[in-house]
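Asker: the sequence and its predicted three-dimensional model are supplied below.
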Amino acid sequence: MLHPFIENMALRNSVNAALQRGTPVYRRDVDIALRNELKSDLKVWLSALGRRYIHWVYDADSYYGEIERLRDAINKTHSQILNPGMITLGVAQKCVSLYLKYLWLMGQPGKMPLFPPIDGKVMRAVGVDAPVGFKQIETRDQMQEILGRIEARARAEGYRTATLWEADWWDDKDE
């Protein structure tokens, strides 16, 4: 069990990483209180996922299903403040996979994400032309194509999974 402070930092960092940079997520002139409400809802949803998620119980379809449910829940509740009216599959996958990555790397082996967090840096590293970035990932097919490239890179470097490769490879030197 994580200390609440550590869990809150993992939630905050996961949500901020998915919503910041690149293409704006919010419509122009959205009140900060409404932005904070969306962030709070994301954190509540992710925290609930963190309690129920167990790596070896999930397969690709159930993992995609979680990502799609998060996207749909946020879009249903917050579409009026989102630009262009929705959170994409790419944004939802970043929230889910990054939050689970934090839990896993903080000592909870059952929380290892089935897929690594996909972002622009990872996409560039595996040769995906990403002029629009992870926020424009709209479909499972797009995500599967990118994940296939990440898996190929991981295997070429001797890793069993893309998640293990990304965890060892990623750093914040460019940040």
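Answerer: Received it, and whenever you're ready, just let me know what you need. Residues are numbered from 1 along each chain as shown.
Asker: not counting its neighbours along the chain, what's nearest the most centrally placed residue in the chain?
Answerer: In the chain, the centroid-proximal residue (CA atoms, centre = their mean) is Lys94; its distance is 1.3 Å. Closest residue to Lys94 apart from its sequence neighbours, by CB to CB, 6 or more residues apart in numbering: Ala18 at 4.0 Å. No exception for glycine: its C-beta is placed from N, CA and C like everyone else's.
Asker: surely that neighbour touches Ser97?
Answerer: No. Contact criterion CB atoms under 8 Å: Ala18 and Ser97 do not qualify, at 9.5 Å.
Asker: more neighbours: which of the two?
Answerer: Counted by other CB atoms under 10 Å, Ala18 and Ser97 do not tie: Ala18 has more neighbours, with 28 against 24.
Asker: which residues touch that one?
Answerer: By CB atoms under 8 Å, 6 or more residues apart in numbering, the contact set of Ala18 is 42, 91-92, 94-95, 98.
Asker: what helices or strands is the lowest-mean-pLDDT helix or strand in the chain leaning on?
Answerer: Ranked by mean pLDDT, DSSP states H and E, the weakest helix or strand in the chain is helix 120-125, scoring a mean of 89. Contacts defined by 3 or more CB pairs under 8 Å, 6 or more residues apart in numbering; DSSP states H and E place helix 120-125 against helix 140-156.
Asker: report the buried residues of stretch 128-137.
Answerer: 128, 130, 133-135, 137 (16 or more other CB atoms under 10 Å).
Asker: I meant stretch 57-73, not that one.
Answerer: 58, 63-64, 66-67, 70-71, 73.
Asker: mind checking which of those are in helices?
Answerer: Judged by DSSP state H, helices contain the following of the buried residues of stretch 57-73: 63-64, 66-67, 70-71, 73.
Asker: between those, which sits nearest Ala156?
Answerer: Closest approach to Ala156 among these (CB to CB): Tyr63, at 23.2 Å.
Asker: surely the closest one touches Leu114?
Answerer: Yes. Between Tyr63 and Leu114 there is a contact at 4.3 Å, judged by CB under 8 Å.
Asker: make sure the residue nearest to Lys94 is indeed in a helix.
Answerer: Yes. Counting by DSSP: H, G, I helix; E, B strand; the rest coil, Ala18 is found in a helix.
Asker: so what's it scoring on pLDDT?
Answerer: On pLDDT, Ala18 comes in at 93.
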